[in-house]
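Enquirer: sequence and computational prediction follow.
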Amino acid sequence: MPPPRKKSAKSSSKGYLSHLDPLLKELNITSLKKLIFSPSHAWLAAIVLLVLELFVNIFVIHRVNYTEIDWVAYMQEVEGVINGTMDYSKLRGDTGPLVYPAGFVWFYMGLYYITSQGTNVMLAQYIFAIIYVVNLGLVFRL
């Protein structure tokens with residue numbers, strides 16, 4: 001009777017991680033250096049960073065307590081414009097007079113309506129996260 005066969009390393013990897021074998025063979029110092037320093041591989045690093053940034057933003061939105069800084073004041077200033085006040089000296093919020101240009105007011109007016117008159121802060125956070133990740137993607141294209 002022949003002796004029992006020993007399991008080789010190759011046969012033990014046939015489990016659920018076997019589809020990662022080609023990737024693990026490619027992971028070495030040389031390929032990591034190419035990924036970091038070679039412009040021809042920069043697109044892969046950019047995709048990885050964009051995905052990581054997306055997950056970090058979602059994590060922060062859900063896990064970090066919201067800190068009110070100026071959102072309420074911005075919504076108050078927008079409400080002043082919606083109510084018909086066009087004189088900058090009369091547009092005020094809790095933090096003082098409106099000091100930003102009209103483009104700011106129009107942008108936040110859009111957010112005012114999208115976020116149910118500024119009450120849905122989490123939706124505004126998601127909108128800003130999307131703007132941030134898109135901007136980061138455009139910067140990575142440079």
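Expert: Ah, there it is.

Enquirer: neighbours of residue 98, how many?
Expert: Burial of residue 98 is recorded as 23 neighbouring residues (other C-beta atoms under 10 Å). Yep, even glycine has a C-beta here, placed from its N, CA and C like the rest.

Enquirer: that one contacts residue 87, correct?
Expert: No. The criterion here is C-beta atoms under 8 Å, and residue 98 misses it with residue 87 at 10.0 Å.

Enquirer: retrieve the pLDDT associated with residue 18.
Expert: Here, the pLDDT recorded for residue 18 equals 69.

Enquirer: typed the wrong thing, it's residue 32
Expert: So residue 32 comes in at 74 (pLDDT).

Enquirer: same thing with residue 52?
Expert: The model's pLDDT for residue 52 equals 94.

Enquirer: cool, and residue 114?
Expert: pLDDT, residue 114: 96.

Enquirer: phi, psi of it?
Expert: Residue 114 has phi and psi values of phi -70, psi -40 when expressed as degrees, to the nearest 10.

Enquirer: report the secondary structure state of the residue nearest the centre of the chain.
Expert: Computing the C-alpha centroid of the chain and ranking residues by C-alpha atoms, centre = their mean puts residue 54 first, at 3.6 Å. Residue 54 falls in the helix class when you classify it by DSSP: H, G, I helix; E, B strand; the rest coil.

Enquirer: ok, it touching residue 133?
Expert: Yes. The pair residue 54 and residue 133 passes the contact test of C-beta under 8 Å, sitting 5.5 Å apart.

Enquirer: would you mind listing the buried residues in stretch 52-72?
Expert: Using 16 or more other C-beta atoms under 10 Å as the test for burial, stretch 52-72 gives 57, 71.

Enquirer: now the terminal residues of that stretch, how far apart.
Expert: 30 Å (C-alpha to C-alpha, to the nearest Å).

Enquirer: span of stretch 105-122 from start to end?
Expert: 20 Å.

Enquirer: what are the ranges of the helices in the chain?
Expert: 9-12, 21-26, 29-37, 42-63, 71-82, 102-114, 121-141 (DSSP state H).
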